[in-house]
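1. just the structure for this:
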Amino acid sequence: KGRCVNEMDRWLTYAENTKSINTVILSSMGPVYLTRSSFSNLDKRTENESVSYNGEIVEPIERAKMWQDAMRHTLNRLVSRGKNVIFVIDNPELDFHPRSCISNRPLKGLLNSNSFRCAVTYEAYKKRNAEYKSIVGSVLTDFPSVRVFDTSKLLCDESWCWAKKDGRLLYYDIDHLSLDGSIYVGHEILKIIRN
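-> Residues are numbered from 1 along each chain as shown. Reported below is the predicted structural model:
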């Protein structure tokens with residue numbers, strides 16, 4: 001969308017030109033932008049939206065190249081200005097709404113075993129993110145100074161990616177973190193910044 005592109009460009013320009021900004025953290029819903037659909041199609045906002053790049057509508061098969069070019073362009077802008085960049089791998093998406101994890105109707109969750117567990121399988125997460133992570137990895141080989149933070153290392157174990165941990169709901173919706181989730185992940189990102 002034009003408004004989002006303009007807003008992103010405005011903030012990138014601000015980061016580039018502000019000397020007191022040393023570190024820039026980049027994050028996006030990469031798998032959604034690549035596929036134009038959410039995990040299990042729960043979020044309908046992106047469906048049937050056209051994507052334009054350089055003023056032309058992009059066909060689905062070209063989206064990966066567009067995303068890769070845009071990521072490379074953004075990193076070039078920041079790294080060439082001497083900014084420390086941390087690239088955050090997108091949060092594992094949920095295939096259920098996290099509010100189902102706090103339902104006061106105990107049997108409701110039994111209808112969807114993942115929401116009852118308040119997690120998605122790690123295998124489903126890996127499959128959903130394979131193309132996204134491959135593109136990110138291939139671009140970042142050209143930017144060795146960029147540090148990577150993979151949220152799945154905090155939110156997943158070898159079997160599940162959790163929407164709730166230690167009694168705290170970590171997600172606000174199917175992809176965005178709640179305040180508790182943001183604090184949980186933010187503490188770890190702060191360690192990278194301080195190092």
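2. pLDDT weak spots in the chain?
-> Low-confidence regions of the chain, defined by pLDDT under 70, span residues 1-4, 40-61, 103-116.
3. the residue nearest in space to the middle of it and residue 168: what is the separation?
-> The residue lying closest to the centre of the chain (Cα atoms, centre = their mean) is residue 90, at 2.3 Å. Distance of residue 90 to residue 168, given as Cβ to Cβ, to the nearest Å: 20 Å. Glycine gets a C-beta too; all of them are placed from N, C-alpha and C.
4. nearest residue to the residue nearest to the centre of the chain in space, please, no chain neighbours.
-> Once flanking residues are discounted, residue 90 sits nearest to residue 30: 4.9 Å by Cβ to Cβ, 6 or more residues apart in numbering.
5. quick one, what contacts that neighbour?
-> 67, 89, 90, 129, 132, 135, 136 (Cβ atoms under 8 Å, 6 or more residues apart in numbering).
6. among those residues, name the ones in strands.
-> residue 89 (DSSP state E).
7. now render the contacts of residue 30 as a markdown table, adding distance to residue 154.
-> Shown next, in a markdown table, are those (distance: Cβ to Cβ, whole Å):
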| residue | distance to residue 154 |
| --- | --- |
| 67 | 24 |
| 89 | 11 |
| 90 | 13 |
| 129 | 15 |
| 132 | 18 |
| 135 | 22 |
| 136 | 17 |
